[in-house]
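Chemist: Just to be clear, the model below is a prediction. Sequence and coordinates:
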Amino acid sequence: AAVTGVKNALITARAGFTTVRDVGSSGTSAIAVRDAIRDGSVPGPRIKVSGQPLSMIGGHADPAVGLSPDLRDALSTTPGMFTVCTGTEECSKAVRRLAAEGVDLIKFMATGGVLDPGDIGLDQHFSDAEMRAIIDTAHALHLKVAAHAHGAKGIDAAVRAGVDSIEHGTFIDAEGVADMKAHGTYYVATLLAFRGAVGMIGKGLLQPSSEKKARQAFEAWGVGLNRAYKGGVKIALGTDAGVFPHGQNAQEIGLMVSKAGMSPRDALIAATKGGADLMGLSAETGTLDPGKSADLIAVDGDPLKDPDAVTHVAYVMVMGKPIPMR
């Protein structure tokens, strides 16, 4: 996994990304990649990692879902399988264990996901109290928290619990938009993930329940981001890379404009200043100012006129070091 991560990190840097969050990886592989890049052993973007996302039993990131009963029982007693938690005490303990591994942030599944087996749906998973326990524990440890969330009730529950960002936000409603603005919560739409899911519809690649959810999500493609944008919610670019091939990440900017009605300028701000602010890196990167890290790219074309210009990357520098482009 770490070797694959090194490969994908270089691909992502060559695509013009100087800093990324990895909000979901098994074991400590992403931590190893993060450290190798930081130490100069391999080229790539600056990385903030969450490690394994937290899930309720049977939830979106439960590693035992779909396994045989014997294997599921074996996994439940395996050291390190602490990413499934129930109740406030267990969830707080899970956050502390992840923090001890050296993660930079915490990710939890506030709702179901498109690829979940069965009819678990896209609504709220963790209880309000469990969400507060996860978020309060993480914040006490100076870690930010990202919530995977599709359904409106799950989105708003996570926001009211104090989460720092909502990932996907597919079916956000007016109440969710108002609460996100009031709490200063960031919205990360991951529009490219919808394109990846659409490519699997009708090809027998998804279970019937997942295909149904994929169609529902596709109908709302860009709607949530448009609502958040019009409502004055803070926005950062995110892509859910892995659902689609790494290296296509910059296509998200064009989708933010075409699918959600953002201006090219605001989409670029979300991809630079917004992302740095969400990750707590505003003093280090996100804008080209004296004293900040030399993180910059050069593209062919004017992205203020043509958002797709950011997909034509000619040069990348991360932390003052040029990225080898071939």
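Modeler: That came through, no problem.

Chemist: Could you use CA atoms for every contact and neighbour count after this?
Modeler: Noted.

Chemist: mind listing the helices in the stretch 1-150 of the chain by residue range?
Modeler: 2-14, 29-38, 69-76, 87-101, 128-140 (DSSP state H, counting those that start in this stretch).

Chemist: could you give the angle of the longest one to helix 29-38?
Modeler: Orientation check (axes from the mean of the first three to the mean of the last three C-alpha atoms, to 10 degrees): helix 87-101 against helix 29-38 gives 30 degrees.

Chemist: want to throw the helices of the stretch 1-150 of the chain into a markdown table with mean neighbour count and mean pLDDT?
Modeler: Rendered in a markdown table, the data for the helices of the stretch 1-150 of the chain read as follows (neighbours: other C-alpha atoms under 10 Å; pLDDT from 0 to 100):
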| stretch | mean neighbour count | mean pLDDT |
| --- | --- | --- |
| helix 2-14 | 20 | 97 |
| helix 29-38 | 20 | 96 |
| helix 69-76 | 12 | 63 |
| helix 87-101 | 18 | 96 |
| helix 128-140 | 21 | 98 |
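
Chemist: Which residue, neighbours along the chain excluded, lies closest to G202?
Modeler: E211 (7.8 Å; C-alpha to C-alpha, 6 or more residues apart in numbering).

Chemist: which secondary structure element contains that neighbour?
Modeler: helix 208-219 (DSSP states H and E).

Chemist: what is the mean pLDDT for the very next helix or strand once past that helix?
Modeler: Counting by DSSP H and E, the next helix or strand C-terminal to helix 208-219 is helix 223-230. On average, the pLDDT along helix 223-230 is 98.

Chemist: So for helix 223-230, what gets flagged as buried?
Modeler: V223, G224, L225, N226, R227, A228, Y229 (16 or more other C-alpha atoms under 10 Å).

Chemist: what angle do that helix and helix 208-219 make?
Modeler: Using the same axes, to 10 degrees: helix 223-230 against helix 208-219 is 40 degrees.

Chemist: Please state the offset of helix 223-230 from the chain centre?
Modeler: Between the mean C-alpha location of helix 223-230 and the chain-wide mean there is a distance of 17 Å, by C-alpha atoms, centre = their mean, to the nearest Å.

Chemist: which residues make contact with it from outside it?
Modeler: Residues outside helix 223-230 that contact it (C-alpha atoms under 8 Å, 6 or more residues apart in numbering) are 169-174, 177, 187, 189, 234-235, 256, 259-262.

Chemist: I'd like the list of those that fall within helices, please.
Modeler: A174, V177, M256 (DSSP state H).

Chemist: what separates the last one from G222, distance-wise?
Modeler: Counting by C-alpha to C-alpha, to the nearest Å, the separation of M256 from G222 is 7 Å.

Chemist: hey, what's in contact with both of the two?
Modeler: L191.

Chemist: so what's Q124 up against?
Modeler: Applying C-alpha under 8 Å, 6+ apart, the residues near Q124 are A110, T111, G112, A149, G151, K153, G154, I155, A157.

Chemist: Minimum pLDDT in those, which residue is that?
Modeler: G112 (90).

Chemist: contacting residues for the residue lying closest to that one once chain neighbours are set aside?
Modeler: Computed as C-alpha to C-alpha, 6+ apart, the closest residue to G112 that is not its neighbour in sequence is L122, at 4.2 Å. With contact taken as C-alpha under 8 Å, 6+ apart, L122 is in contact with T111, G112, G113, V114, A149, H150, G151, K213.

Chemist: can you rerun that using 6 Å?
Modeler: Listed by C-alpha atoms under 6 Å, 6 or more residues apart in numbering, the contact set of L122 reads T111, G112, G113, H150, G151.

Chemist: can you check E130 too?
Modeler: G87, T88.

Chemist: Any figure for the gap between it and G16?
Modeler: In terms of C-alpha to C-alpha, E130 sits 37 Å off from G16.

Chemist: And G112, by the same measure?
Modeler: To G16, G112 is 31 Å away according to C-alpha to C-alpha.

Chemist: try T111
Modeler: Taking C-alpha to C-alpha, one finds T111 at 31 Å from G16.

Chemist: A314 should be in a strand, yeah?
Modeler: Yes: assigned with DSSP: H, G, I helix; E, B strand; the rest coil, A314 falls within a strand.

Chemist: Could I get the contacting residues of it?
Modeler: By C-alpha under 6 Å, 6+ apart, the contact set of A314 is A298, V299.

Chemist: Start the count at 388 instead of 1 going forward.
Modeler: Understood, numbering begins at 388; the last thing we discussed is A701.

Chemist: Retrieve the pLDDT associated with it.
Modeler: So A701 comes in at 97 (pLDDT).

Chemist: before we move on, what about L593?
Modeler: At L593, the pLDDT recorded in the model is 71.

Chemist: so it, which of the three states?
Modeler: coil.

Chemist: Not counting its neighbours along the chain, what's nearest it?
Modeler: M587 (6.9 Å).

Chemist: Check the gap between the residue lying farthest from the centre of the chain and G499 for me.
Modeler: Taking C-alpha atoms, centre = their mean, the residue of the chain most remote from its mean C-alpha position is D457, at 32.2 Å. As judged by C-alpha to C-alpha, D457 and G499 stand 25 Å apart.
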